[in-house]
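S.K.: Could you look at this predicted model? Sequence included:
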There are 2 protein chains.
Amino acid sequence: MAEYTPPGTRWLHLPSPFPMKRGGALVSARMAYETWGQLDAGKSNAVLVLTGMSPDAHAASSAENPAPGWWEWMIGPGKPIDTNRWFVICVNALGSCKGSTGPASVNPSTGDLYRLDFPDLSIEDGADAAAAVVHALGIEQLACVVGNSMGGMTALSLLARHPAIARSHINICGAARALPFSIAIRSLQREAIRLDPHWNNGQYSEEDYPENGMRMARKLGVITYRSALEWDGRFGRVRLDSERRDDDEPFGMEFEVESYLEAHARRFVHRYDPNTYLYLSRSMDWFDLGEPHAGDTLTGLATIHGVQRALVIGVKTDILFPIQQQEEIAAGLRNAGCDTRFLPMPSPQGHDAFLVDEERFAPAVAGFLRVLPNENFITEMVA
Amino acid sequence: MAEYTPPGTRWLHLPSPFPMKRGGALVSARMAYETWGQLDAGKSNAVLVLTGMSPDAHAASSAENPAPGWWEWMIGPGKPIDTNRWFVICVNALGSCKGSTGPASVNPSTGDLYRLDFPDLSIEDGADAAAAVVHALGIEQLACVVGNSMGGMTALSLLARHPAIARSHINICGAARALPFSIAIRSLQREAIRLDPHWNNGQYSEEDYPENGMRMARKLGVITYRSALEWDGRFGRVRLDSERRDDDEPFGMEFEVESYLEAHARRFVHRYDPNTYLYLSRSMDWFDLGEPHAGDTLTGLATIHGVQRALVIGVKTDILFPIQQQEEIAAGLRNAGCDTRFLPMPSPQGHDAFLVDEERFAPAVAGFLRVLPNENFITEMVA
């Protein structure tokens, strides 16, 4: 598939050439984003939202695109990230296939799609690209940067590489480094795509597409995004009724949970670019905020300056970004002198809880932002 | 691959025809087993070991086969299952490819391999076949039946279907029914095999073999058999050194954990029959001791009679057979009037802990068996 960008998306060009951490540079690259609310005169009320691997920038509905966004209950007038007060920016990650430049974009130097000619992509590149969007919008300091999942990694990298770019931070189901269990899961997802003969070293088309590899990768993703506890209550041992089964298919689906995975996979397979999946997935494995500090994560976190307040949320049933990793982030931010609150959520939904557990996440985020002062600390310090 | 049977294996023929729970029957089927120690004159000192999905009957070394078995530290003279006292039988599961009749065996009615002509296989069939082995050895009542993982399911089925076949029971990382998270994992493993074009509806050969599907299935297995906690300490973020990497392979392996999975998969792929994998894997999904009781697991467990004492062990880091399932078994056996001890182990190794955590599992099993009386309760009750 090619890129898919929702209506209402805006674009900004990155500085060109845009150097990449592991070598190479992007020419005429662009970042897709959406905004909600109004930037105030002092440009001090901006909240940046950094997403997980698969979402686009359409986090909430807008006049240009009234379709519900992926975080519809979180962002909007009177909602936890209140657009009556905040100017909210959501960027589509660098390297994604939802509007920002990535492996599914045209390489201006060849006129063909980048595919595997896209340079190695790191979380740090995504952070630098997000910083470029912030600066291009004329914003010197964000009131808050919010990062979920992969976006939680990107947010930490942004804060470490761009000192004082935000005066507060909400990290949700994030991590300061990838650990071997998650690396193993993601490696297996990438292997499923790579082993599909239709992947063809990245040279697939919509007609000759690594559908099976993508299906496997997505199903494994969904399994690790949710939790056993939730599924016990939701699916139990319920069987598919006979008209939803194909009894001629040997070892075909029998249980509701199998059908749920299949439906998720079908929706995803052709709406997400396989090469993009490989690049973004690997960027998470590579991420280690402690890398420049002999692998010491807490030292890496201690390099974060200028963040006055932070809220770190983890989910006890998350197996992909386990709660110890959010505890680590909270401890590191505290060491760095940041006033940090750590919230371990008992949500049953696993890693995906931040997308669905409105009851727990809405008041937590609303409460944190409500008491956040509006003024710009940089201005204060300079004054 | 064809069947692989270790030296020292013995065989017993099952009653022929041997009826299968979901229909059909096996003709001239056989069960592979090994034994250690001596059966006493009263035939009252037999301990039956039922295995997980992949092991053969070679649980421990013997004169006929001095190679270490898969539970070498558990079974032997002076070991926790002490062969100076107990006559230990380990059976290879019905349907396996390690000596017992299964999809990789010759179908006597055609002269060809069964492949997908093997009848539907249930845990209950495995239990009935194990009971047949016990009876064929002239044993009326086992001193103990020990079941690990899938063998823990088989043991519960054996006890429910063959009243008073054992007077004690050790259930390790077992389950009284399959739950949706484990069903999802196993369904995905089967899908990986089925989607491999070389699987060819079960009509593969050693030369045209579903190697990629088996590799994926095994890697996902290994991921779910261990735990994130163990891997953090064991692998961390350690990279492969350059001579162990193939830098020309796009998105190839970089981390130690990836190489570990690859090594496990390579060892397994051609030593386990793919159709057998499908049959045994599905038999676990189907298993539900509560099925004849409107899905009520505790009622299913309450049908178990004649077991005087039980030890139920679970592992807190087990994500495949989570510890709530062993708690459920213990609660059910207590309801059934059995003197039951539940041991939640803090082992970091996940589901596989029973294979490797000798320090915790050896004393637990030894302590339970040490105080077990030798006499035959059935004889007592009849007398």
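M.R.: Looks like it came in fine.
S.K.: From now on I want contacts and neighbour counts done on CA atoms only, so please keep to that.
M.R.: Fine.
S.K.: what separates A:Pro119 from chain B, distance-wise?
M.R.: Using Cα to the nearest Cα, to the nearest Å, A:Pro119 is found at 12 Å from chain B.
S.K.: Now that residue: closest residue in space that isn't a chain neighbour?
M.R.: A:Gly24 (6.0 Å; Cα to Cα, 6 or more residues apart in numbering or on different chains).
S.K.: tell me the contacts of the residue in the stretch 1-150 of chain A positioned nearest to chain B?
M.R.: Closest residue of the stretch 1-150 of chain A to chain B, Cα to the nearest Cα: A:Leu116 (8.3 Å). A:Leu116 makes contacts with A:Pro103, A:Asn201, A:Gly202, A:Asn275, as judged by Cα atoms under 8 Å, 6 or more residues apart in numbering or on different chains.
S.K.: Could you identify the helix or strand that succeeds the one helix or strand the last one maps to?
M.R.: In this assignment (DSSP states H and E), A:Asn275 forms part of helix A:274-286. Helices and strands here follow DSSP H and E; after helix A:274-286, the next one along the chain is helix A:297-302.
S.K.: Let's see the helix or strand following that following helix as CSV, backbone CA atoms only.
M.R.: Counting by DSSP H and E, the next helix or strand C-terminal to helix A:297-302 is strand A:309-315. The C-alpha coordinates for strand A:309-315 follow below in CSV (Å, rounded to 0.1, in the frame of the first residue of the first chain):
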residue,chain,number,x,y,z
ARG,A,309,6.5,18.4,36.5
ALA,A,310,5.8,14.9,35.1
LEU,A,311,3.1,12.3,35.3
VAL,A,312,4.2,8.7,34.5
ILE,A,313,1.5,6.1,34.0
GLY,A,314,2.0,2.4,33.6
VAL,A,315,-0.5,-0.5,33.5
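S.K.: For the stretch 201-350 of chain A, which residues are neighbours of chain B?
M.R.: Residues of the stretch 201-350 of chain A found near chain B (Cα under 8 Å from any Cα of the partner chain) are A:201, A:212, A:216, A:219-220, A:223, A:227-228, A:231-232, A:235-237, A:250-251, A:253, A:257-258, A:261, A:278, A:282.
S.K.: Recalculate using a threshold of 6 Å.
M.R.: Residues of the stretch 201-350 of chain A found near chain B (Cα under 6 Å from any Cα of the partner chain) are A:Ala228, A:Trp231, A:Gly236.
S.K.: In CSV, list these along with neighbour count and pLDDT.
M.R.: CSV is the format used below for those (neighbours: other Cα atoms under 10 Å in any protein chain shown; pLDDT from 0 to 100):
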residue, neighbour count, pLDDT
A:Ala228, 24, 93
A:Trp231, 19, 95
A:Gly236, 18, 96
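S.K.: quick one: which of those sit in strands?
M.R.: Assigned to strands by DSSP state E, none of these qualify.
S.K.: Going by distance to chain B, which of the residues you listed wins?
M.R.: Using Cα to the nearest Cα, these come closest to chain B at A:Ala228, 5.0 Å.
S.K.: domains of chain A?
M.R.: For chain A, automatic domain parsing gives the domain ranges A:10-178+A:289-382, A:183-279.
S.K.: For those, state which one has the densest average packing.
M.R.: Among these, domain A:10-178+A:289-382 has the highest mean neighbour count (mean count of other Cα atoms under 10 Å in any protein chain shown), at a mean of 21.
S.K.: What's the mean pLDDT across stretch A:352-366?
M.R.: If you average the pLDDT over stretch A:352-366, you get 98.
S.K.: Okay, now that stretch: how far is its last residue from its first?
M.R.: 19 Å (Cα to Cα, to the nearest Å).
S.K.: that older thread, and the contacts of A:Leu116, which two are furthest apart?
M.R.: Distances among the contacts of A:Leu116 were taken as Cα to Cα; the most separated pair is A:Pro103 and A:Asn201, at 12.6 Å.
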